[in-house]
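A.B. asks: Test case, fold it:
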Amino acid sequence: MFPRLPTWLTWSRIVMIPLMIGAFYALPMPVAGIVAAIIFALAAVTDWLDGYLARRWSVTSRFGAFLDPVADKLIVAAALVLVVDHNPGLGLALAAIVIIGREIAISALREWMAEVGTSAKVAVSWIGKFKTSAQMVAIFLLLWAEPVAGLSLFLIGEWLLYLAAVLTLVSMVQYMLAAARDA
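C.D. replies: Numbering: from 1, shown residues only. Prediction:
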């Protein structure tokens, strides 16, 4: 057993951010998008794996619990910025702003709730889990962007991102209502 492996996996997601950005801008399209999508997918796998290993090996830590969501938010925000930069348009930009804005708001809410001693009362809901899944698949498809077997992965990714943005708003309202009850 390697007790620090979950934390190192979390750190690896942070290291993947400049690699993803560098690949996206240094390589020619469509290779750039495909490589960035693969890096993003690898980051998503490490997100699942670090949590699984930490729980399985009983090596959870307060620092790991802090760093994990930070790494998640950073790589998602970076990937959304890449997508919007390469595909300017109101729809994707608004979806990205909603998703990034919600993450900032909920992070601040969790910090406030921890200060007042009510952080445990807002658990992750199934809507939040579904939102995260839709968001991760959407970002992967939007980065990849190239059709596969005549199927427009970009269009599927775009609609999944819109769905994720709506679910983002719904989950944010849930968090805010739960916090308001405890305030």
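A.B. asks: ok now do residue 43, which residues does it touch?
C.D. replies: Contact partners of residue 43, counting by C-beta atoms under 8 Å, 6 or more residues apart in numbering, are 12-13, 16, 20, 75. Where C-beta positions appear, they are placed from N, C-alpha and C, glycine not excepted.
A.B. asks: Report all helices and strands that the helix or strand containing residue 12 contacts.
C.D. replies: In this structure, residue 12 sits in helix 5-26 according to DSSP states H and E. Contact partners of helix 5-26 among helices and strands, from 3 or more C-beta pairs under 8 Å, 6 or more residues apart in numbering; DSSP states H and E: helix 31-56, helix 62-86.
A.B. asks: quick one: the first one to chain centroid distance?
C.D. replies: When you say that, I think you mean helix 31-56. Using C-alpha atoms, centre = their mean, to the nearest Å, the mean C-alpha position of helix 31-56 is found 10 Å from that of the whole chain.
A.B. asks: Show me the shaky parts of this protein.
C.D. replies: Low-confidence segments of the chain, defined by pLDDT under 70: 1, 118-124, 182-183.
A.B. asks: Phi and psi next, for residue 151.
C.D. replies: Reported as degrees, to the nearest 10, the phi and psi values for residue 151 are phi -90, psi 130.
A.B. asks: Same check on the one 3 residues further on?
C.D. replies: With angles defined as degrees, to the nearest 10, residue 154 sits at phi -60, psi -50.
A.B. asks: what's the neighbour count on it?
C.D. replies: 18 (other C-beta atoms under 10 Å).
A.B. asks: my read: it touches residue 141, true?
C.D. replies: Yes - counting by C-beta atoms under 8 Å, residue 154 does reach residue 141; the two are 6.7 Å apart.
A.B. asks: Can you tell me the centre-most residue of the protein?
C.D. replies: Nearest to the mean C-alpha position of the chain, counting by C-alpha atoms, centre = their mean, stands residue 76 at 4.0 Å.
A.B. asks: Touching, that residue and residue 139? I think so.
C.D. replies: Yes - the criterion here is C-beta under 8 Å, and residue 76 meets it with residue 139 at 6.8 Å.
A.B. asks: what's near enough to touch residue 47?
C.D. replies: Counting by C-beta under 8 Å, 6+ apart, residue 47 makes contact with 13, 68, 71-72.
A.B. asks: and the closest residue to residue 147 other than its chain neighbours, how many neighbours does it have?
C.D. replies: Sequence neighbours aside, residue 153 is the residue nearest to residue 147 in space, at 6.4 Å (criterion: C-beta to C-beta, 6 or more residues apart in numbering). Residue 153 is flanked by 19 other residues according to other C-beta under 10 Å.
A.B. asks: One more: residue 117?
C.D. replies: Neighbours of residue 117 under the rule other C-beta under 10 Å: 9.
A.B. asks: picking that back up, list the buried residues in the helix holding residue 12.
C.D. replies: Along helix 5-26, these residues count as buried under the neighbour rule (16 or more other C-beta atoms under 10 Å): 6-7, 9-13, 16-17, 20-21, 23-24.
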